[in-house]
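Peer 1: kindly return the folded structure for what I paste below:
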Amino acid sequence: MRSAFDFSPLYRSTVGFDRLFDMLDQSAQIEPMTNWPPYNIEKAGEDQYVITMAIAGFSPDEIELTQKESQLLVSGQKKGSEEGKQYLHRGIATRAFRQTFNLADHVRVTGASLENGLLTVDLKREVPEALKPRRIEIATGSGTAQLGRHPQQIEHGKAA
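Peer 2: Residues are numbered from 1 along each chain as shown. Okay, here's the model as predicted:
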């Protein structure tokens, strides 16, 4: 199903942004199960983030976290049998879930914990030294000789 927006004119005039348009296209689609389980995304510091998901009733061995390149997949599947139980009211959802988070470049999962029905996933952006901005010194006057350039001497208006 395509979204209400047509991105095809932008595909013709841009190069390398197809992933961005795919994400916009996916976010515009209506999916009924995208808001379960509920979650928060928090910025915990300059380069630190925390995803908190409410997954009451799941144990750590029923949850799987997988990071592949720039995607984090969180999925859960109940393993126990609930045969023989009779519910008068069932308000705690135990259905399987699958939630995908698109991560920015150089963001990786540093840890995860499950406490009081909340799954907490810690993330950190770690930009390699080679990609960090660096200050470049600008040479003046005597520095031009170091670059292999020799100032020209001019005699009586003519270049030597």
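Peer 1: what's the weakest-modelled helix or strand in this protein?
Peer 2: helix 143-146 (a mean of 50; mean pLDDT, DSSP states H and E).
Peer 1: which stretches of this structure have low pLDDT?
Peer 2: 1-34, 81-82, 142-160 (pLDDT under 70).
Peer 1: where exactly do the helices run in it?
Peer 2: 8-13, 18-28, 143-146 (DSSP state H).
Peer 1: list the buried residues for stretch 39-52?
Peer 2: Along stretch 39-52, these residues count as buried under the neighbour rule (16 or more other CB atoms under 10 Å): 39, 49, 51. In this view, the C-beta of every residue, glycine as well, is placed from N, C-alpha and C.
Peer 1: got the domain ranges for this structure?
Peer 2: Annotated domains of the chain cover 1-30, 34-80+89-128 [automatic domain parsing].
Peer 1: looking at those, which is closest to residue 140?
Peer 2: Among the domains of the chain, domain 34-80+89-128 comes nearest to residue 140, with 30.8 Å by CB to CB.
Peer 1: closest to residue 138 out of the buried residues of stretch 39-52?
Peer 2: When those are compared against residue 138 (criterion: CB to CB), the nearest one is residue 49, at 36.6 Å.
Peer 1: which residues does the closest one bridge with?
Peer 2: Per DSSP bridges, the residues bridged to residue 49 are residue 43, residue 123.
Peer 1: I'd guessed it sits against residue 42; true?
Peer 2: Yes - with contacts counted by CB atoms under 8 Å, residue 49 reaches residue 42, the gap being 6.7 Å.
Peer 1: hey, what's in contact with both of the two?
Peer 2: Taking CB atoms under 8 Å, 6 or more residues apart in numbering as the criterion, residue 49 and residue 42 do not both touch any residue.
Peer 1: which stretches of the protein form strands?
Peer 2: 39-43, 48-54, 63-68, 71-76, 97-102, 107-115, 118-125, 154-155, 158-159 (DSSP state E).
Peer 1: I'd like to know how far the nearest residue to residue 107 once chain neighbours are set aside sits from residue 116.
Peer 2: Distance criterion CB to CB, 6 or more residues apart in numbering; nearest residue to residue 107, sequence neighbours excluded, is residue 125 at 4.8 Å. Per CB to CB, to the nearest Å, residue 125 is found 28 Å from residue 116.
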